[in-house]
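Chemist: Coordinates for the following, if possible.
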Amino acid sequence: MTYGLIAGIALLALGIVLLLVARLGKETKADQPSSRESKWDGGAVILIGPIPIVIGKNVRVAKELLLLALAVFIAMLLLYVFVR
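Modeler: Okay, here's the model as predicted:
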């Protein structure tokens, strides 16, 4: 197995774990009674090569997703340079 494949599988597993942890955090907050409605902010990032396409419900979410896309791009670049 190459280091790139191992790194890819590790990143995939990390992503799945983070999704599960985030989902568990939402369930515990939903159990608490709240007098006001919760506000949902969402967005998405589509990476086509090094170019991010950011879709956000508001500017704050779009900025956070842009930073996330930048972090993913830097991680991919570092993996390319050091695992190659």
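Chemist: any idea which helix or strand carries the residue most central in space within the chain?
Modeler: Closest to where the C-alpha atoms of the chain average out (CA atoms, centre = their mean) is Leu68, at 6.4 Å. Using DSSP states H and E, Leu68 maps to helix 59-83.
Chemist: buried ones in that helix?
Modeler: For helix 59-83, the neighbour count (16 or more other CB atoms under 10 Å) marks Val61, Ala62, Leu65, Ala69 as buried. For every residue, glycine as well, the C-beta is placed using N, CA and C.
Chemist: Format these as CSV; extra columns: distance to Gly15 and pLDDT.
Modeler: CSV is the format used below for the buried residues of helix 59-83 (distance: CB to CB, whole Å; pLDDT from 0 to 100):
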residue, distance to Gly15, pLDDT
Val61, 19, 86
Ala62, 21, 87
Leu65, 15, 88
Ala69, 14, 87
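Chemist: Counting by contacts, list what the lowest-mean-pLDDT helix or strand in the chain packs against.
Modeler: Lowest on mean pLDDT, DSSP states H and E among the helices and strands of the chain sits helix 3-31, with a mean of 78. Helices and strands touching helix 3-31, as assessed by 3 or more CB pairs under 8 Å, 6 or more residues apart in numbering; DSSP states H and E, comprise helix 59-83.
Chemist: can I see the domain layout of this structure?
Modeler: According to automatic domain parsing, the chain comprises the domains 1-31, 42-84.
Chemist: coming back round to it: so how far is the least confident helix or strand of the chain from its chain's centroid?
Modeler: In terms of CA atoms, centre = their mean, to the nearest Å, the centre of helix 3-31 is found 9 Å from the chain centre.
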